[in-house]
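Undergrad: Sequence first, predicted coordinates after that:
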Amino acid sequence: PVVGTPATLRVGMHSGGCISGIVGTRSLKFCLFGDSVETAAAMERAGVPGCVHASQDLARLLPEESWEEREAARDKASKATYLLRV
């Protein structure tokens, strides 16, 4: 980062179940666990700065948004993913 330049963010989003809990004994941390959390993290890693990268499940929940479909990953469980430019 350079002082005086705007920050760029990548956001990954997915919808699904997860489990939460407090982890630690001295420095307590609130954590989320589950496949949905991993999917959202993957969306963020593959994202584009300045955009929300969402799974197909999330895009279906928000059809009124201007989603741009992206090419799906080439693995066995590939689903389309979507970008929302902000």
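TA: Yes, it's here.

Undergrad: Show me what the most centrally placed residue in the chain is bridged to.
TA: Taking C-alpha atoms, centre = their mean, the centroid of the chain lies closest to Gly12, which sits 1.7 Å from it. Beta-bridge pairing for Gly12 (DSSP bridges): His53.

Undergrad: Any chance of the backbone angles for Ala59?
TA: Backbone torsions of Ala59, given as degrees, to the nearest 10, read phi -60, psi -30.

Undergrad: start at 49 instead
TA: Right, with 49 as the first residue, what we last looked at is Ala107.

Undergrad: gap between the nearest residue to it once chain neighbours are set aside and Thr73?
TA: Nearest residue to Ala107, sequence neighbours excluded (C-beta to C-beta, 6 or more residues apart in numbering): Tyr130, at 4.3 Å. Where C-beta positions appear, they are placed from N, C-alpha and C, glycine not excepted. Tyr130 is 41 Å from Thr73, where distance means C-beta to C-beta, to the nearest Å.

Undergrad: more crowded one of those two?
TA: A side-by-side neighbour count of Tyr130 and Thr73, using other C-beta atoms under 10 Å, places Tyr130 first with 22 against 6.

Undergrad: show me what contacts Leu132?
TA: Cys99, Val100, Ala102, Glu113, Ser114, Trp115, Glu116 (C-beta atoms under 8 Å, 6 or more residues apart in numbering).

Undergrad: Alright, I will stop here.
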